[in-house]
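> pasted the sequence and its predicted model underneath.
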Protein chains: 2
Amino acid sequence: MAVETEEPDLHVRRIRILQKQLANGGFDAALIMQPRDLFYYAGTAQPANLWIPAAGEPILFTRRAHSLARKATWIRRTVEANSYGDLRRSLAEVGALPKSGAVVGVEQDVVPAALVNNLARHFADVTLKNVSPLILRQRFVKDPTEIARIREAVEAWKAGHHQVLSRLVVGRAEYEIAAAMEYGARNAGGDGVVWFRRWDGCLPGGGIVSSGPNAWVVSGHAMTVTGVGMNQGLPWGASARVIEPGDLVVVDYGVTREGYHADMARTYCVGKPSAEQKALWDRLIELHFTVIDRIRPGVTGEELYRIGAETADKMGLAEFFMGVGADRGRYVGHSIGLEVDDWPVLGEGSQDPLVPGAVVTIEPKFMVPGLGAVMVEDDILVTEQGHEIVSTLGHELFYV
Amino acid sequence: MAVETEEPDLHVRRIRILQKQLANGGFDAALIMQPRDLFYYAGTAQPANLWIPAAGEPILFTRRAHSLARKATWIRRTVEANSYGDLRRSLAEVGALPKSGAVVGVEQDVVPAALVNNLARHFADVTLKNVSPLILRQRFVKDPTEIARIREAVEAWKAGHHQVLSRLVVGRAEYEIAAAMEYGARNAGGDGVVWFRRWDGCLPGGGIVSSGPNAWVVSGHAMTVTGVGMNQGLPWGASARVIEPGDLVVVDYGVTREGYHADMARTYCVGKPSAEQKALWDRLIELHFTVIDRIRPGVTGEELYRIGAETADKMGLAEFFMGVGADRGRYVGHSIGLEVDDWPVLGEGSQDPLVPGAVVTIEPKFMVPGLGAVMVEDDILVTEQGHEIVSTLGHELFYV
């Protein structure tokens, strides 16, 4: 087993939990194909298909780099299978072929239609059903190894922050600030990639730099502070806009270590903040901790969002909270882990209670046309007693 | 129209070409959903669905950021549609609903099964069919605007190369060399992202740094020089291996500008190359130009690969060409454009002749266990008369 872990039986436990959920959910088996989920259950993201029956032993069907995959995985039984035909024949050989009428789970939210159609041709006698909700719900609760990796990602984020502080001056373009952030995180051992569950999600360099008037333009690729991007091919993230004196600059980045995300944001002011900027920041931080203070097992994402919205309302800032006017996002954070947009979003309609081991972000912002945007984002572990803030950077309005 | 172009009627021409192909291919319409294809036909990658009938006017159905999308697109008719239900109703209102039994193209190679299933429920009376082969075949031929962008991407790549030269020393980790490459390209205005067509394709930071013995380990995520990656979550690209004296270091990166890729590779030696290293490089460059010299309209990818393989054979290096021993890749390059793995791969079975306006890469490598790997990759435009090398960096074995 090539993967180091603090819990030697981690993989056994992960697969048993999924098997229980498969049985409860009426699935006879699942075929895991997406790299994040493969990494989670098999310990490697080499190209492979992982067969997990509701009862019995899992099999890793390696598609390429067979010996590397075999060396890396913690799955005991591995078989080379370059096609779904190979895979079906192998299952038949070991007597593991699902019965006619069986339900087999696939990750239909991310696996392309052509691939699922191909699988369906080879398994015409079974019903394919989306298994991703079970997987994402399991991934919501982190084990100590995962939390340790998120802590490391936070350190890489902070290395990026120090580069931002040293490069942020009037006359630099937003993309040069982005380059500094990414350089700092990568040199600190960041993986150099941010993963989205959303099939069409992607962020240039893994994050957003948005300054001055760009901060109240909202791209369709996310809600609230998005930046406007380098071009119409990816119209969010840093742009070529040049920083001006007095600008508020929001830096919101995903940074990964060993596959796990930190997702943090801070706001920087170019020159000493005006009284108005400072007051806006102070109210943001007050709101931020009002929400964070309520994080404990049992609280729902909807409740956290409501607390944020009510606080903004009391402050007279409702129309600038999480967007501008009617065009606001109805959420205040989300879960993180193997993907930056892990399930669930903490917002309207989010009725699932938080549980110990969940790691979520809280990311309030005020977007004030004419003034700019302030945003803060921290990563928070839900504990038995309440919560622990995992991201350790200070909560000042940094200025340079 | 927010997008600058050297060809004012570019968009009209692109859509007319697809419409002709749709009609020839038996499609009544196509619904374009993937961001790269949206950018190509609609001029923006804001979240939207683009309806292109085989005959008649296209309609852009914006999903979010409606006013930004409207401002950016060159499609005249835009409609807000937050669901496939909205989309169907709108088509009905303007009398554009496909007849019962019609064939509608969708990008089934990349759009997730759940989304296509959802579309199929709303259009139960039509047949959905994969339209991507028509789109990718059209995108194979670049117009002057696209070629200009690839030239800009080459310049950003070279800025990364200069950073590599200044940072590559004994004792640095592969990921620090990657950080330098990415920093140089991003500061030169690179988009900070590399796009794959393959649904599970992703590269940390957009490229590969592979040194010493890592250079003959081949991850399943690509063929030949892949690096081993930071962890099993993404087991290719730069690793934490520390550079040693005399190492050969392959740097193979995709770099984008305005959505278009340069894909280049060079090999660096840490310290003056040995006679053996230099001789291997010289033979690689001889092979490289033997292949490039044959590029002209009419030649096939298979022919180019055969020329490379035969040349390696004559040199007595067949077992090290494009891999090691039996485990070799049967190709010598690929097309580039809006995706780094644009159609087609230039290799075995690639029978489509090159045409003027195509931009392809040629990327030979020798992987010699015990010695290391040498690799070179250049981007080449197919012209009426033959070809032009678009990437302009020198062909020396750089050493530091």
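Right, received. Where do you want to start? Residues are numbered from 1 along each chain as shown, chains lettered A, B, ... in the order given.
> all strands for the stretch 301-400 of chain A, in order.
All strands of the stretch 301-400 of chain A, identified by DSSP state E, counting those that start in this stretch, fall at A:331-335, A:342-347, A:359-362, A:365-368, A:372-375, A:378-382, A:387-389, A:398-399.
> for the last one, name the packing helices and strands.
Taking 3 or more Cβ pairs under 8 Å, 6 or more residues apart in numbering or on different chains; DSSP states H and E as the contact definition, the neighbouring helices and strands of strand A:398-399 are strand A:260-269. The C-beta positions use only the backbone N, C-alpha and C, and glycine is treated the same way.
> and the strand it packs on, what does it pack against?
Applying 3+ Cβ pairs under 8 Å, 6+ apart, one finds that strand A:260-269 contacts helix A:144-167, strand A:248-257, strand A:372-375, strand A:378-382, strand A:398-399.
> dump that strand to CSV, restricted to CA.
Provided in CSV are the C-alpha atoms of strand A:260-269 (Å, rounded to 0.1, in the frame of the first residue of the first chain):
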residue,chain,number,x,y,z
TYR,A,260,-7.6,18.0,-0.3
HIS,A,261,-8.7,21.6,-0.5
ALA,A,262,-8.4,24.6,1.6
ASP,A,263,-10.7,27.3,0.3
MET,A,264,-10.0,30.7,1.9
ALA,A,265,-10.4,34.4,1.0
ARG,A,266,-9.0,37.6,2.3
THR,A,267,-9.4,41.2,1.2
TYR,A,268,-6.4,43.5,0.6
CYS,A,269,-6.4,47.3,0.4
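> quick check: buried residues in the helix or strand just after that strand?
With elements assigned by DSSP states H and E, the helix or strand that comes after strand A:260-269 is helix A:275-292. Using 16 or more other Cβ atoms under 10 Å in any protein chain shown as the test for burial, helix A:275-292 gives A:277-278, A:280-281, A:283-284, A:287-292.
> how about the residues of the stretch 1-150 of chain A by chain B?
By Cβ under 8 Å from any Cβ of the partner chain, the residues of the stretch 1-150 of chain A that approach chain B are A:2-3, A:33-36, A:39, A:43-48, A:62-66, A:68-69, A:72, A:106, A:108-117, A:130.
> can you say which of those are buried?
Among the residues of the stretch 1-150 of chain A next to chain B, those classed as buried by 16+ other Cβ under 10 Å are A:3, A:33-36, A:39, A:43-48, A:62-66, A:68-69, A:72, A:106, A:108-116, A:130.
> residues contacting the residue in the stretch 251-400 of chain A that chain B sits nearest to?
The stretch 251-400 of chain A approaches chain B most closely through residue A:259 (3.0 Å), counting by Cβ to the nearest Cβ. Residues in contact with residue A:259, defined by Cβ atoms under 8 Å, 6 or more residues apart in numbering or on different chains, are A:36, A:39, A:45, A:149, A:191, A:195, A:338, B:231-234.
> which residues of the stretch 201-350 of chain A lie near chain B?
When proximity is defined by Cβ under 8 Å from any Cβ, the stretch 201-350 of chain A lies next to chain B at A:202-205, A:217-221, A:230-235, A:237-238, A:240, A:258-259, A:338.
> buried ones only from the residues you listed, please, as a PyMOL command.
Per 16+ other Cβ under 10 Å, the buried members of these correspond to this PyMOL selection:
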select buried, chain A and resi 202+203+204+205+217+218+219+220+221+230+231+232+233+234+235+237+238+258+259+338
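> take the residues of the stretch 201-350 of chain A next to chain B and keep only those in helices.
In helices, judged by DSSP state H, none of these are found.
> ok, residue A:324 - contacts?
Counting by Cβ under 8 Å, 6+ apart, residue A:324 has contacts A:216, A:218, A:367-369.
> one more time with 6 Å
Applying Cβ atoms under 6 Å, 6 or more residues apart in numbering or on different chains, we find residue A:324 in contact with A:216, A:367.
> again, but for residue A:384
residue A:356.
> and residue A:209, by the same measure?
A:174, A:177-178, A:238, A:251.
> circling back: closest to residue A:168 out of the contacts of residue A:259?
Residue A:168 lies nearest to residue A:191 out of those, by Cβ to Cβ, at 24.3 Å.
> ok, that closest one to chain B distance?
For residue A:191, the distance to chain B equals 5 Å [Cβ to the nearest Cβ, to the nearest Å].
> need phi/psi at that residue.
Backbone torsions of residue A:191, given as degrees, to the nearest 10, read phi -70, psi -20.
> what is the neighbour count of the closest residue to it other than its chain neighbours?
In space, and not counting its chain neighbours, residue A:191 is closest to residue A:256: 4.2 Å by Cβ to Cβ, 6 or more residues apart in numbering or on different chains. Residues lying near residue A:256 (other Cβ atoms under 10 Å in any protein chain shown) number 32.
> give me the beta-bridge partners of residue A:256?
In this structure, residue A:256 bridges to residue A:261 when assessed by DSSP bridges.
> hmm, back to that, among the strands of the stretch 301-400 of chain A, which is nearest residue A:100?
Closest approach to residue A:100 among the strands of the stretch 301-400 of chain A (Cβ to Cβ): strand A:342-347, 32.4 Å.
> circling back to that earlier point, just checking, the residue nearest to residue A:191 touches residue A:189?
No: with contact defined as Cβ atoms under 6 Å, residue A:256 does not count as touching residue A:189 (10.2 Å).
> report pLDDT for residue A:8.
With respect to pLDDT, residue A:8 scores 67.
> go on, residue A:52?
With respect to pLDDT, residue A:52 scores 98.
> who does the helix or strand that contains it pair up with?
If you go by DSSP H and E, residue A:52 is part of strand A:48-53. Here strand A:48-53 has these sheet partners by DSSP bridges: strand A:29-32 (antiparallel), strand A:59-62 (antiparallel).
> how about the first one: buried residues?
Judged by neighbour count (16+ other Cβ under 10 Å), strand A:29-32 contains these buried residues: A:29-32.
> got it, and stretch A:315-322?
Applying 16+ other Cβ under 10 Å to stretch A:315-322 flags A:315, A:317, A:320-322 as buried.
> that stretch: how far from the chain's middle?
Distance of stretch A:315-322 from its chain centroid, counting by Cα atoms, centre = their mean, to the nearest Å, is 26 Å.
> got the contact list for that stretch?
For stretch A:315-322, contacts defined as Cβ under 6 Å, 6+ apart pick out A:224, A:283, A:312, A:325, A:328-329, A:366-368.
> out of those, which end up buried?
Buried among the contacts of stretch A:315-322 by 16+ other Cβ under 10 Å: A:224, A:283, A:312, A:328-329, A:366-368.
> quick check: the farthest pair among the residues you listed?
It's A:283 and A:329 that sit farthest apart of those, by Cβ to Cβ, at 18.3 Å.
> and the nearest residue in space to residue A:207 that is not next to it in sequence, how many neighbours?
Using Cβ to Cβ, 6+ apart and skipping residues adjacent in sequence, the residue nearest residue A:207 is residue A:253, 3.1 Å away. By other Cβ under 10 Å, 31 other residues sit near residue A:253.
> contacting residues for residue A:253?
Applying Cβ under 6 Å, 6+ apart to residue A:253 gives the contacts A:181, A:206-207.
> could you chop chain A up by domain?
A:10-139, A:141-399 (automatic domain parsing).
> most packed of the ones you listed?
Among the domains of chain A, the stretch with the highest mean neighbour count (mean count of other Cβ atoms under 10 Å in any protein chain shown) is domain A:141-399, at a mean of 21.
> could you export the buried ones among the contacts of stretch A:315-322 as CSV, including pLDDT and distance to residue B:263?
Output for those, formatted as CSV (pLDDT from 0 to 100; distance: Cβ to Cβ, whole Å):
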residue, pLDDT, distance to residue B:263
A:224, 82, 34
A:283, 98, 48
A:312, 98, 47
A:328, 88, 41
A:329, 92, 37
A:366, 97, 42
A:367, 96, 38
A:368, 95, 43
